[in-house]
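> Whatever this is, show me its structure:
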Amino acid sequence: MPGSDRPDLDALTLLQEQFRDSIDEVSPDAPMPWGGRWKARNLVNHLARVHHWAAAQASRSRELPLGRDALTTSDAYATHAGALAATLAGLDPRQPAWTLLDDGAAPGDRTGTVGFWDRRQKLETLIHLWDLRTAGGLAMEADDSLWRDCVAEVVEVMHPRQLRLARVSAPVARLVLVAADDAWEVSGAPHGAPSVEIFGAPRDLALLCWGRLPLDGGSLRVAGDSLLAREVLDEGLTP
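Residues are numbered from 1 along each chain as shown. Sure, this is the predicted structure:
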């Protein structure tokens, strides 16, 4: 919405609406080739539960148990999507929140705010909307600015967290992701490490970061040692 002071929240709400509407267009048994044994129903259940969890993190409140019943219908999803959006809208985006920025940090060193969840849930929903519609053979239109932000978040938040939690090893190369005039460098490579650049459309770079697109897929082009690029990507830039 033009002029809004919460553009990430506005985008989240629109993406949630598209996800809800897509649920009834895709068979619940549609497989997710990039998600192991997951089918569409598992994806819907996952995102509904993530929204529920994120609302508690944003408000720094105890998460109420949802039980084991699967949340696979558009109505069930809409309930938790709406609750998240309402929770975020009712909070000042500048106030402290529990976020992925502060794992293990002392209380006085925490920097996370409610606004973190506006962005994180926007991008979580973006990726899973692509998952759902692609599994159903449906087209998806999203502004390049969303996909650019998705790449930026991986480099700024998700991969540094992977390193901080020792889930991945330091990159063996300086991996730079390039989309037109924008470039993002994956952090953590040792001094003097060789540089590898991956050029592509913002959407393809975002899907590459999240393991939805192979390095030789889409419009991607590699400048440098592609084997080193694969080694960095295989470690995992995201959870």
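> quick one, what contacts Glu124?
Leu47, Val50, Ala54 (CB atoms under 8 Å, 6 or more residues apart in numbering). Every C-beta, even on glycine, is put in place using the N, C-alpha and C of the backbone.
> List buried residues within the residues you listed.
Leu47, Val50, Ala54 (16 or more other CB atoms under 10 Å).
> Would you format those residues as TSV with pLDDT included?
Output for these, formatted as TSV (pLDDT from 0 to 100):
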residue	pLDDT
Leu47	98
Val50	98
Ala54	98
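> Looking at these, spot the one nearest Trp117.
For those, the minimum distance to Trp117 (CB to CB) is 5.3 Å, reached by Ala54.
> what's the spacing between the closest one and His128?
Per CB to CB, to the nearest Å, Ala54 is found 13 Å from His128.
> Give me the distance between the two termini of stretch 160-169.
11 Å (CA to CA, to the nearest Å).
> Touching it from outside, list them.
100-101, 103-104, 159, 170, 187-188, 235-239.
> Same check on stretch 216-223?
196-201, 203-205, 207-208, 213, 215, 229.
> Then stretch 69-80?
16, 19-21, 23-24, 28, 41, 44-45, 47-49, 51-52, 55.
> Using the three-state scheme, assign the residue nearest the centre of the chain.
The residue lying closest to the centre of the chain (CA atoms, centre = their mean) is Glu124, at 3.8 Å. Following DSSP: H, G, I helix; E, B strand; the rest coil, Glu124 is assigned to helix.
> re earlier: would you mind giving the buried ones among the contacts of Glu124 as a markdown table with secondary structure added?
A markdown table is the format used below for those (three-state DSSP):
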| residue | secondary structure |
| --- | --- |
| Leu47 | helix |
| Val50 | helix |
| Ala54 | helix |
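> Quick one: those as JSON lines, columns for distance to His80 too.
Output for those, formatted as JSON lines (distance: CB to CB, whole Å):
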{"residue": "Leu47", "distance to His80": "8"}
{"residue": "Val50", "distance to His80": "9"}
{"residue": "Ala54", "distance to His80": "10"}
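> How much space separates the residue located most distally from the centre of the chain from Val168?
The centre of the chain is farthest from one residue, Gly192, which by CA atoms, centre = their mean lies 30.3 Å away. Look at Gly192 and Val168: by CB to CB, they are 20 Å apart.
> Equivalent analysis for Asp21, please.
Relative to Val168, and taking CB to CB, Asp21 is found at 36 Å.
> Name the residue in these two with the higher neighbour count.
Taking neighbours as other CB atoms under 10 Å, Asp21 and Val168 compare with Val168 leading, 18 against 12.
> Okay, and that one sits in which element?
Under the criterion of DSSP states H and E, Val168 resides outside all helices and strands.
> hey, C-alpha coordinates of stretch 18-38 in CSV?
The C-alpha trace of stretch 18-38 is given here as CSV (Å, rounded to 0.1, in the frame of the first residue of the first chain):
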residue,chain,number,x,y,z
GLN,A,18,-2.9,-15.4,-2.1
PHE,A,19,-1.7,-18.4,-0.2
ARG,A,20,-5.1,-18.9,1.4
ASP,A,21,-6.8,-18.7,-2.0
SER,A,22,-4.3,-21.1,-3.6
ILE,A,23,-5.0,-23.8,-1.0
ASP,A,24,-8.3,-24.6,-2.7
GLU,A,25,-6.7,-24.6,-6.1
VAL,A,26,-4.0,-27.2,-5.4
SER,A,27,-4.6,-30.9,-4.5
PRO,A,28,-3.6,-31.6,-0.9
ASP,A,29,-1.8,-34.7,-2.3
ALA,A,30,0.4,-32.6,-4.7
PRO,A,31,4.0,-33.6,-3.9
MET,A,32,6.8,-31.1,-3.1
PRO,A,33,9.8,-32.3,-5.1
TRP,A,34,12.1,-29.9,-3.1
GLY,A,35,10.5,-30.9,0.3
GLY,A,36,11.2,-34.6,0.7
ARG,A,37,8.1,-36.5,1.4
TRP,A,38,6.0,-33.4,1.9
